[in-house]
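> quick one: sequence plus predicted model below, questions after.
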Amino acid sequence: MIFHPVKESEVTIAIARAFLNHLEYCATSDVIIVGGGPSGLIGGRDIANKGLKVTLVERNNYLGGGFWSGGYFMNKFTVRAPAHEVLAELGVPCSEAGEGLYVADAPYACSQLIASACKSGVKILNLTLLEDIILREARVKGVVINWSPVTYLPHEIAALDPIPLEAKVVIDATGHDASVLRKLEKRGLVKLEGEGALCIEESEDAIVERTGEVYPGLIATGMAVASVYGLPRMGPTFGAMLLSGKKAAEVALNILNYTGIPVS
Ligand code: 48F
């Protein structure tokens, strides 16, 4: 025998116990990030690296969002300077394709980014869909989640109540969908302009500049920012996603200090 003998029940109990601990940990976070694309992953990593408790909620089984391929089903993507410095920091090789324009391998970059978020201590809830938000005293105080497969079943089969998770700050990193912001919009608390037409030259600066708190306790990052302010989309260039995620982390850290909420 190569492997140590274990009973089937030991395997089940090991998984159940570990997951219950994980879910209990995620019940209260300093920051919840909804969306595991490039902006959410890098933002989560930067916050967790400061020693804060970060939970990342992702509806798919896999993390990475639109970062696995650049565009047109071709798994190369571009960044414009200075975002190539973030690739260097992640240990992702890239080559100069023109002045200030860099091209890199998407699976390489995506896997490095996921690994760096995990190593920083970000706790992941995958296969988990944001269903709603917790709102109290005109402030976002957390999210309401359900297992993704449940939410795709007809209501008469899976009438299951969702699970609340509390946080001091929530970040909407759900990309084009702006799923968290839509929960505020349907209550008339914010108005989303919807994405503008593609313009690489304008979009990247604008998205990074407008990354910030849209409603008390809720920060928008990545393409969700374009959906809020009607900014142009950008196609297969990802520098703004990385820099927007980093800025969202700075904004979250400022909010946590500014309100004097102690870091758990
Ligand atoms: O779409 P996504 O990669 O967002 P991003 O970080 O980056 C955008 C780029 O990939 C690309 C682009 C830049 O050139 O235009 O599109 O802004 O990742 C968003 C993630 O959020 C998840 C979704 O599955 C994806 O992985 N997501 C969306 N809605 C929900 C969600 C939801 N309701 N609950 C949980 N996850």
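Okay, I see it.

> for the rest of this, base every contact and every neighbour count on C-alpha atoms.
Fine.

> I'd say residue 60 and residue 130 touch.
No. With contact defined as CA atoms under 8 Å, residue 60 does not count as touching residue 130 (11.2 Å).

> what about these two, which has more around it?
Taking other CA atoms under 10 Å, residue 60 and residue 130 do not tie; residue 130 has more neighbours (24 against 18).

> for that one, which non-adjacent residue is closest in space?
Counting by CA to CA, 6 or more residues apart in numbering, the nearest residue to residue 130 once its immediate chain neighbours are dropped is residue 145, at 4.7 Å.

> next one: residue 200
Spatial nearest neighbour of residue 200, chain neighbours left out: residue 234 (4.6 Å); criterion: CA to CA, 6+ apart.

> so how many other residues sit close to the one you found?
Residues lying near residue 234 (other CA under 10 Å) number 20.

> hmm, residue 203 and it touching each other?
Yes. With contact defined as CA under 8 Å, residue 234 counts as touching residue 203 (5.9 Å).

> how far away is the residue nearest to residue 200 from residue 178?
For residue 234, the distance to residue 178 equals 16 Å [CA to CA, to the nearest Å].

> go on, residue 89?
Distance, residue 89 to residue 178, using CA to CA: 28 Å.

> okay, these two: which has more neighbours?
Taking neighbours as other CA under 10 Å, residue 89 and residue 178 compare with residue 178 leading, 24 against 8.

> now do that one, the pLDDT please.
pLDDT for residue 178: 98.

> wait, isn't it in contact with residue 227?
Yes. When contacts are counted by CA under 8 Å, residue 178 is listed as touching residue 227 (6.6 Å).

> any residue of stretch 224-242 up close to the ligand?
Yes. Stretch 224-242 lies within reach of the ligand by CA under 6 Å from any ligand atom, at 224, 234-238, 241.

> mark which of those are buried, thanks.
Buried positions within those, assessed by neighbour count (16 or more other CA atoms under 10 Å), are 224, 234, 236-238, 241.

> out of these, which is nearest to residue 73?
residue 236 (10.4 Å; CA to CA).

> contacting residues for that closest one?
70-71, 77-78 (CA atoms under 8 Å, 6 or more residues apart in numbering).

> how about residue 230?
With contacts defined as CA under 8 Å, 6+ apart, residue 230 is in contact with 192-196.

> distance of it relative to the ligand?
As defined by CA to the nearest ligand atom, to the nearest Å, residue 230 lies at a distance of 14 Å from the ligand.

> kindly report the same for residue 65.
Taking CA to the nearest ligand atom as the measure, residue 65 falls 3 Å from the ligand.

> give me the number of residues near the residue lying closest to that residue once chain neighbours are set aside?
The shortest distance from residue 65 to any residue other than its chain neighbours is 4.0 Å, reached at residue 37 (CA to CA, 6+ apart). Residue 37 has 27 neighbours, counted by other CA under 10 Å.

> just the one 4 residues further on next, same as before
Around residue 41 there are 30 other residues, counting by other CA under 10 Å.

> need the three-state assignment for it.
Under DSSP: H, G, I helix; E, B strand; the rest coil, the three-state class of residue 41 is helix.

> give the contact list for it.
Applying CA under 8 Å, 6+ apart to residue 41 gives the contacts 64, 113-114, 117, 245.

> could you do residue 90 as well?
109, 112-113, 116.

> wait, residue 126 touches residue 55, no?
No. With contact defined as CA under 8 Å, residue 126 does not reach residue 55; the gap is 10.4 Å.
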